[in-house]
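>>> no sequence on this one, just coordinates:
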Ligand code: HEC
Ligand SMILES: [Cu+2]
């Protein structure tokens with residue numbers, strides 16, 4: 001009987017296609033990710049764990065390669081054997097005899113029990129060692145301690161030793177007195193579960209309400225690294241970015257000195273300042289040195305020292321500030337700041353005031 005061979009049956013006969021695609025995926029994906037270009041100083045253009053710029057991130061990548069290597073080897077051997085068997089033992093044309101049925105083989109069964117057990121044991125030991133190295137229950141010698149508080153949908157950074165609070169941008173020094181500085185973060189949440197993750201600097205760590213987690217970072221290169229809340233925490237989860245800036249020593253000291261000062265008090269923007277202070281803004285926001293002392297929302301004392309607003313939803317430009325103060329829901333729908341229903345002149349005045357908060 002003559003049968004038409006359709007494209008589908010032809011494809012179905014290409015049994016090598018699935019394993020080949022899998023192998024290609026397995027080999028090419030990490031290859032492509034590992035060669036991510038570096039933008040500016042140490043920072044890659046998008047968050048990646050494959051370009052570590054911090055000690056714990058390096059340890060994490062090392063163990064990832066080891067696990068990847070072992071699993072890759074197993075994958076290649078197993079897939080190789082399967083493909084080889086498919087071709088070697090395929091049914092010959094017009095052969096309808098049943099293949100020999102074999103039951104049990106002690107040596108083979110022993111091998112496939114003992115070898116995987118050993119592999120799992122090795123992976124377990126290496127993983128445990130790395131976890132102990134990375135997880136620090138108390139601050140390492142000479143660390144800079146910073147408290148990170150997750151809010152829906154922005155990050156608060158408290159510098160208790162230095163005595164100020166900022167938002168969305170984590171600034172740390174590369175060195176102190178010429179030596180690298182461990183950064184010891186205390187992670188807390190104000191509402192729901194978030195997760196702090198700047199992949200080039202360290203592992204992903206959950207930020208849990210009524211619970212304190214710690215995270216150790218130790219940058220090895222200056223740069224501006226991007227991170228992201230990594231635990232779905234509500235509508236604006238995707239716009240809850242972290243900008244982590246690793247400064248050279250003197251630059252960091254200058255940044256700290258600026259952040260410690262009270263807000264600029266410029267009388268030329270008195271109209272905006274007075275309006276700000278008469279509006280509910282002050283119940284949510286702090287501007288140090290003024291009556292504004294709310295802690296519900298980002299500290300605005302040095303708003304203009306930040307490059308973004310709304311946890312990275314837009315850059316910090318006068319135009320974006322105008323839109324934000326007019327109605328933040330336009331830029332970040334669902335965010336916890338309502339439109340204050342100011343008229344156009346009011347918005348302009350307040351923004352003029354905000355622009356002086358260097
Ligand atoms: C009900 C509390 C509340 C009030 C009132 C409020 N805000 Fe906000 N504001 C927030 C919250 C919450 C955020 C952070 C939103 C986010 O990123 O998800 C914010 C963010 C901001 C930001 C961006 C800060 C940054 O670093 O990202 C500015 C600027 C700002 N508010 C100005 C104002 C002004 C001006 C007023 C008064 C006209 C005001 N806010 C009133 C809660 C409030
Ligand atoms: Cu979140």
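Ah, there it is. Values in this document were obtained by computation on a predicted structure and should not be read as measured data. Numbering: from 1, shown residues only. Ligands and ions are numbered 1, 2, ... in the order given.

>>> Next one: residue 81 from ligand 2, what distance?
For residue 81, the distance to ligand 2 equals 45 Å [Cβ to the ion, to the nearest Å]. The C-beta positions use only the backbone N, C-alpha and C, and glycine is treated the same way.

>>> Sticking with that residue, tell me its helix or strand.
Here residue 81, judged by DSSP states H and E, is contained in helix 55-88.

>>> what's downstream of that helix, the next helix or strand?
As assigned by DSSP H and E, the chain's next helix or strand after helix 55-88 is helix 106-134.

>>> which parts of that following helix are buried?
130, 134 (16 or more other Cβ atoms under 10 Å).

>>> Then stretch 333-350?
Buried-residue list, stretch 333-350, by 16+ other Cβ under 10 Å: 335-337, 340, 342, 346-350.

>>> What about those, which are in helices?
Using DSSP state H, the members of the buried residues of stretch 333-350 that fall within helices are 346-350.

>>> Let me know the closest of the residues you listed to ligand 1.
Ranked by distance to ligand 1 (Cβ to the nearest ligand atom), these are led by residue 350 at 4.9 Å.

>>> Verify the stated contact: the closest one with residue 272.
Yes: the criterion here is Cβ atoms under 8 Å, and residue 350 meets it with residue 272 at 4.7 Å.

>>> The stretch 151-300 of the chain: strands as residue ranges?
Assigned by DSSP state E, counting those that start in this stretch, the strands in the stretch 151-300 of the chain fall at 154-159, 164-167, 169-173, 175-176, 179-180, 183-189, 194-196, 205-207, 213-217, 223-228, 241-247.

>>> roughly how far out does the third one sit from the chain middle?
Between the mean C-alpha point of strand 169-173 and the mean C-alpha point of its chain there is a distance of 15 Å (Cα atoms, centre = their mean, to the nearest Å).

>>> Next: the first one.
For strand 154-159, the distance from its own C-alpha centre to the chain's C-alpha centre is 15 Å (Cα atoms, centre = their mean).

>>> what sits up against it?
146-150, 164-170, 190, 196, 229, 240, 242, 256, 259, 297-299, 310-311 (Cβ atoms under 8 Å, 6 or more residues apart in numbering).
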